[in-house]
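Asker: Sequence below, structure please.
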Amino acid sequence: MTEYVGAIDQGTTSSRFMIFDRKGTIVSVAQKEHRQIYPQPGWVEHDPIEILENTSEMIGAAMARANLGAGSLVSVGITNQRETAVLWDKTTGQPLHNAIVWQDTRVDQLVHEYGRDGGQDRFRAITGLPLASYFAGLKLRWLLDNVEGARQKAESGQALFGTIDSWLAWNLTGGVRGGIHITDVTNASRTQLMNLKTCAWDEDMLKAFSIPPACLPRIVPSSQVYGTITIPSLQGTKLAGILGDQQAALVGQTCFSPGEAKNTYGTGSFLLMNTGTDPVQSKAGLLTTVAYQFGTEEPRYALEGSIAITGALVQWLRDNLKLFDLATQIEPLARSVADNGGIYIVPAFSGLYAPYWKENARGTIVGLTRYVTRAHFARATLEATAYQVRDVVAAMEEDSGIILSSLKTDGGMVANELLMQFQADILNVPVVRPKVVETTALGAAYAAGLAVGYWKNIDDLRANWEVDRTWQPTMSPEQRSRYLAWWKKAVQKSFDWAE
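Answerer: Below is the predicted model:
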């Protein structure tokens, strides 16, 4: 019987289940979107029950499409939107509140309060992260302070906290009937509660944020057999891999050597560079994070540049401004004009992330004249993504001392060839798209497969990686410099808008 590996890819806007064969080829996939809940400006929530039900439904659908039973899968991995915080009751299995999404800014005031004593980098030496509303630890603090009875339940271990990987793993392995409460090192490194060097919850951080240890999951490697799945469609299958989505893409792109980097273009964009077994502290506004840990091996670390809004800006043009009906229509619309018509869009809808970390920045459109059309808006939107990635690459080169020679890309936006060409032009390096662009799910499958010996080692994984297309830079140095100067000017205009 042919055997496969499954991957749950639980993202910001949808949940997917994907099945891969030994060559890393997609055998089956099913996907379903979930609601984005906006209770107040700057607040973003998801319904954890909806996510769980959608995930279970998509597992069944993908298995049915491939005509496979649970016995056909040697193991399953999870990859997930990181930093999104869930707190639930261990006895009832019910969330105590909607999940607070990574984009949510409700803890801004807490960020400012902590920053007054020691500045934005107060906890960077321990956690690798600046103070920001982005990370999950302060979201948990908000839940404990604002949901009636939550702190008492958390202190007694009655309430369990986790990022989405923890929520799914607990429910997949039994839930109220003995589900395992775990998170892997990559997700734990995004809470601002884990010590980067020890990969354990840091007592000083827990005290600083008033977090009771009893509610926290056990930290485990990214690739290991954790337990057995109990839901009917995967009954008896091993749960054996967990990676935060961007680390999963790094693994899926087989960036296993120091200096290798990838960028994932999704709702936001995330550039990660492998730095090996030593965490590199950033001086240029990047994050130091765990890249992955396979079994008993030492953890590998990465520098990361996180951009909040890239693909979401395309969705905004589609859903809020109604400039087109389908996201795929943006490329032909943008191609219908020769340039951006002089406008620049800085999509700081919830502040700017790397390398600026400006919580009080807000979205800005500059350079408007009567000449500008919706086509120029479309082109400026795609260019905004490329400019933001370029800012992160520059910071990464400064921190690491490594000059990028090419950029591996993945995620939904890499189908946009105009964007890929402009990205190569503005970076002045080749941009490479692999044959399998769903590298996030593939990375989770690789972690799960390695844990059970489906793939022997990382050389097996490297052998699977193939190039689909490479874009070479064609822009003149003078034009590149001129465009970047205008972009920098536009970014400055977005600063210090929110009180």
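
Asker: okay, which residue of this structure is out on the far edge from center?
Answerer: Distance from the C-alpha centroid of the chain peaks at residue 370, with 38.0 Å (C-alpha atoms, centre = their mean).

Asker: quick one: secondary structure of that residue?
Answerer: coil (DSSP: H, G, I helix; E, B strand; the rest coil).

Asker: Pretty sure residue 271 sits against residue 265.
Answerer: No: the pair residue 271 and residue 265 does not pass the contact test of C-beta atoms under 8 Å, sitting 10.0 Å apart. Placement of C-beta: from N, CA and C, glycine included.

Asker: Give me the more crowded residue out of those two.
Answerer: residue 271 (30 against 26; other C-beta atoms under 10 Å).

Asker: The helix or strand hosting that one - contacts with which helices or strands?
Answerer: Per DSSP states H and E: residue 271 is located in strand 269-276. For strand 269-276, the elements it packs on are helix 245-252, strand 261-265, strand 287-292, strand 300-307, helix 374-400, judged by 3 or more C-beta pairs under 8 Å, 6 or more residues apart in numbering; DSSP states H and E.

Asker: Which of those sits closest to residue 4?
Answerer: helix 245-252 (16.0 Å; C-beta to C-beta).

Asker: got the angle for the closest one vs strand 300-307?
Answerer: Orientation of helix 245-252 against strand 300-307 (axes from the mean of the first three to the mean of the last three C-alpha atoms, to 10 degrees) gives an angle of 130 degrees.

Asker: which other residues reach helix 245-252?
Answerer: 9, 11, 77, 79-82, 186, 222, 243, 262, 264, 266, 270, 272, 274, 289-292, 302, 304, 306, 410-411, 436, 438-444, 446-447, 461 (C-beta atoms under 8 Å, 6 or more residues apart in numbering).

Asker: hmm, which of these are the buried ones?
Answerer: 9, 11, 77, 79-82, 186, 222, 243, 262, 264, 266, 270, 272, 274, 289-292, 302, 304, 306, 410-411, 436, 438-444, 446-447, 461 (16 or more other C-beta atoms under 10 Å).

Asker: can you map out the strands along the stretch 351-499 of the chain?
Answerer: 364-366, 407-410, 431-434, 467-471 (DSSP state E, counting those that start in this stretch).

Asker: and those, which is most packed in?
Answerer: Highest mean neighbour count among those (mean count of other C-beta atoms under 10 Å): strand 407-410, with a mean of 24.

Asker: Within its sheet, name the partner strands of that strand and how each one runs.
Answerer: For strand 407-410, the paired strands and their directions (DSSP bridges) are strand 261-265 (parallel), strand 431-434 (parallel).

Asker: name the element the closest residue in space to residue 213 that isn't next to it in sequence belongs to?
Answerer: In space, and not counting its chain neighbours, residue 213 is closest to residue 206: 6.0 Å by C-beta to C-beta, 6 or more residues apart in numbering. If you go by DSSP H and E, residue 206 is part of helix 203-209.

Asker: Skip ahead from that helix and say which helix or strand is next.
Answerer: Scanning forward in sequence from helix 203-209 by DSSP H and E, the next helix or strand is strand 218-220.

Asker: what's that following strand packed up against?
Answerer: strand 182-184, helix 185-188.

Asker: Could you tell me the end-to-end distance of stretch 370-377?
Answerer: End-to-end span of stretch 370-377 (C-alpha to C-alpha, to the nearest Å): 13 Å.

Asker: Also stretch 226-242?
Answerer: With C-alpha to C-alpha as the measure, stretch 226-242 spans 10 Å from end to end.

Asker: gap between it and the chain center?
Answerer: 23 Å (C-alpha atoms, centre = their mean, to the nearest Å).

Asker: What residues sit buried inside that stretch?
Answerer: Across stretch 226-242, burial judged by 16+ other C-beta under 10 Å covers 226-227, 229-231, 233-234, 237-242.

Asker: Which of these fall within helices?
Answerer: Using DSSP state H, no member of the buried residues of stretch 226-242 falls in helices.
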